[in-house]
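Chemist: requesting a structural model of the entry that follows:
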Amino acid sequence: MPLFNIINKSKYSTLRIPRDAKNKKREIPEGLWLKCKKCTRTLYKKQLAENLNICPHCRFHSPLKALDRIRLLTDQDSFIELDAELTSVDPLQFSDAKSYAERLRQNIAKTGLKEGVVCGTATLNKLAFALAVMDFRFLGASMGSAMGEKITRLFEKALELKIPAVMVTASGGARMQEGILSLMQMPKTSAALERLAAAGLPYLVILTNPTYGGVTASYATLGDVIIAEPGAMIGFAGPRVIRETTNSELPEGFQTAEFLLSKGLIDRVIPRNNLRREVSLLLEYLSG
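Modeler: The predicted structure follows:
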């Protein structure tokens, strides 16, 4: 009997591959891939997270969640959160397309945070310091009354414990839903920093993308040392607003960390994967 007939009559010959299975495309779960916002290359999300959200192709620094940033800058299990339950209210009963109260509820559910900043005390290489990290996912980390209060309390805690303070910024500016109450947080936080400076306690600022508005006009630019991540956009008003207001062309790289470094506003531009070491060294140097 020919070999072909023997195979056909074997016990495996009854198996049939469904006709539609041959043409069926393999389904890939959603959320595994994303595109780099700068070079537009497709990136594996897990691999990007393992690289601290830095694109392996163009080195673009994507945002980090506040808790991931805290893990990067602190010793394991050393972070003790302060004022975790402090959250915004709606003093003006503000409403646009949605009420401010509803926006707050949605952002709390989306991020798992009560406010756009996480504050606490921690150690880095056994050096104690106070740390505040802003999270842009929460209403663009806009500065409202609760955020200003949390940051002010953190500076006061640093003064009480006589330890340095470190701030990681990322913000679109003031929170318009709170009107003048939001703007009052600028002098409030700045006054707390003045008391910190009078006591001779160091204050270190890390600017990340983006840092704008009242945050830039207050505690973001009052550090003893101001460093920034590569490519971070930093300013008071955005480039488009400035261009339209002044009716002029802006210099290349305007408002990037590298541009501001060349103009003397910031002291250093540090890649994210070197931040932990640099912050540790600065805390050691500044603390004497």
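Chemist: what does the helix ranked longest in the chain rub up against?
Modeler: Identified as the longest helix of the chain according to DSSP state H is helix 145-161. The contact list for helix 145-161, computed with C-beta atoms under 8 Å, 6 or more residues apart in numbering, reads 82-83, 86-89, 91, 114-117, 119-121, 128-132, 134, 141, 164-165, 167, 175, 178, 181-182, 184-185, 188-189, 192-193, 195-196, 199, 201, 219. From N, CA and C alone the C-beta is placed, and that goes for glycine too.
Chemist: return the set of buried residues in that helix.
Modeler: Using 16 or more other C-beta atoms under 10 Å as the burial criterion, the residues of helix 145-161 that qualify are 145-155, 157-159.
Chemist: same question for stretch 99-113.
Modeler: Buried residues in stretch 99-113, counting neighbours by 16+ other C-beta under 10 Å, are found at Tyr100, Arg103, Leu104, Asn107, Thr111, Leu113.
Chemist: repeat that for stretch 55-69.
Modeler: So, applying 16+ other C-beta under 10 Å, buried residues of stretch 55-69: Cys55, Arg59, Phe60, His61, Ser62, Pro63, Leu64, Lys65, Ala66, Leu67, Arg69.
Chemist: need these in TSV with distance to Ala237 and secondary structure, can you?
Modeler: Written out in TSV, the entries for the buried residues of stretch 55-69 read as follows (distance: C-beta to C-beta, whole Å; DSSP: H, G, I helix; E, B strand; the rest coil):
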residue	distance to Ala237	secondary structure
Cys55	28	coil
Arg59	27	coil
Phe60	23	coil
His61	22	strand
Ser62	24	coil
Pro63	21	coil
Leu64	25	coil
Lys65	27	coil
Ala66	25	helix
Leu67	30	helix
Arg69	26	helix
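Chemist: taking those, tell me the two that lie furthest apart.
Modeler: In these, two members sit farther apart than any others by C-beta to C-beta. They are Arg59 and Leu67, at 23.3 Å.
Chemist: report the beta-bridge partners for the spatially closest residue to Ala257 that is not a sequence neighbour.
Modeler: In this structure, Ala257 finds its nearest non-sequential neighbour in Ala228, 3.7 Å apart by C-beta to C-beta, 6 or more residues apart in numbering. Here Ala228 shows beta-bridge partners Leu207, Val269, assigned using DSSP bridges.
Chemist: list the contacts of Ala228.
Modeler: Under the criterion of C-beta under 8 Å, 6+ apart, the neighbours of Ala228 are Ile206, Leu207, Thr208, Ile234, Ala257, Leu260, Leu261, Ile266, Arg268, Val269, Ile270.
Chemist: quick one, strands of the stretch 101-250 of the chain?
Modeler: Across the stretch 101-250 of the chain, reading from the start of the chain, the strands by DSSP state E, counting those that start in this stretch fall at 117-124, 127-134, 165-171, 203-211, 225-228.
Chemist: need the ones you listed in JSON lines with mean pLDDT, can you?
Modeler: Putting the strands of the stretch 101-250 of the chain into JSON lines (pLDDT from 0 to 100) gives the following:
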{"stretch": "strand 117-124", "mean pLDDT": "98"}
{"stretch": "strand 127-134", "mean pLDDT": "98"}
{"stretch": "strand 165-171", "mean pLDDT": "98"}
{"stretch": "strand 203-211", "mean pLDDT": "97"}
{"stretch": "strand 225-228", "mean pLDDT": "98"}
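Chemist: between these, which one is nearest to Cys36?
Modeler: With C-beta to C-beta, the closest approach to Cys36 among the strands of the stretch 101-250 of the chain belongs to strand 203-211: 13.5 Å.
Chemist: against which helices or strands is the closest one packed?
Modeler: Counting contacts by 3 or more C-beta pairs under 8 Å, 6 or more residues apart in numbering; DSSP states H and E, strand 203-211 is packed against strand 165-171, helix 185-198, strand 225-228, helix 272-286.
Chemist: which one of these lies closest to Glu244?
Modeler: Using C-beta to C-beta as the measure, strand 165-171 is the one of the helices and strands packed on strand 203-211 that comes nearest Glu244, at 21.8 Å.
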